[in-house]
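**Q** Just need the structure, nothing else, for what follows:
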Amino acid sequence: MNPVYEFLDAMRSAGIDTDYVPQGTGHIERFHINGDKAGKKNGWCILFLDWHSVGTFGNWKTGHRHVWFDKRNKPTTQDRINIQNRIKSGQQKRDYEYKQAQLKAGIVWRNATEANVS
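**A** You can find the predicted model right below:
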């Protein structure tokens, strides 16, 4: 079976029902979870397909998150450490990008002028 579809099966087994198909870029992907309000993208995933097929996914609304790996290519102890480091690195990158966006929004807000409502 294709690792992307195995990943999707794991997502659905964890209660994340979506029509979205992950791209497997190793970057965070946001998507709609069926049953959530239209337009909401509460689902997220990061899927690596280049080395060991491994990924993490979750639901920002509920706070649930899960880790998945392709069981046909069982990782060694060192592989698991490397996988955890990749996931942690991705999370740190995401946190950094959020912080940068927060700082930029603060600058825009401080430099904004009042709207003329007349």
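**Q** Which helix runs longest in this structure?
**A** As assigned by DSSP state H, the longest helix anywhere in the chain is helix 77-111.
**Q** Output the contacting helices and strands for that helix.
**A** Secondary-structure packing of helix 77-111 (3 or more CB pairs under 8 Å, 6 or more residues apart in numbering; DSSP states H and E): strand 43-48, strand 54-59. Every residue, glycine included, has its C-beta placed from N, CA and C.
**Q** Point out the one among the ones you listed that comes closest to Ala101.
**A** Smallest distance to Ala101 across these (CB to CB): 15.9 Å, for strand 43-48.
**Q** just the CA coordinates of the closest one, formatted as CSV?
**A** What follows is strand 43-48, C-alpha atoms only, in CSV (Å, rounded to 0.1, in the frame of the first residue of the first chain):
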residue,chain,number,x,y,z
GLY,A,43,-6.4,19.6,10.9
TRP,A,44,-2.6,19.6,10.4
CYS,A,45,0.0,17.1,9.4
ILE,A,46,3.7,16.8,8.5
LEU,A,47,4.6,13.8,6.4
PHE,A,48,8.1,12.8,5.4
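**Q** tell me the angle that strand makes with helix 77-111.
**A** Inter-element angle recorded for strand 43-48 and helix 77-111: 130 degrees (by axes from the mean of the first three to the mean of the last three CA atoms, to 10 degrees).
**Q** can you list contacts of strand 43-48?
**A** Counting by CB atoms under 8 Å, 6 or more residues apart in numbering, the neighbours of strand 43-48 from elsewhere in the structure are 4, 7, 11, 16, 18, 20, 22-33, 53-60, 86-87, 90.
**Q** OK, contacts around the closest residue to Phe69 other than its chain neighbours?
**A** Once its chain neighbours are removed from consideration, Phe69 has its nearest residue in Val54; the separation is 4.4 Å (CB to CB, 6 or more residues apart in numbering). With contact set as CB under 8 Å, 6+ apart, Val54 has these partners: Leu47, Phe48, Val67, Trp68, Phe69, Asp70, Pro75, Ile83, Arg86, Ile87.
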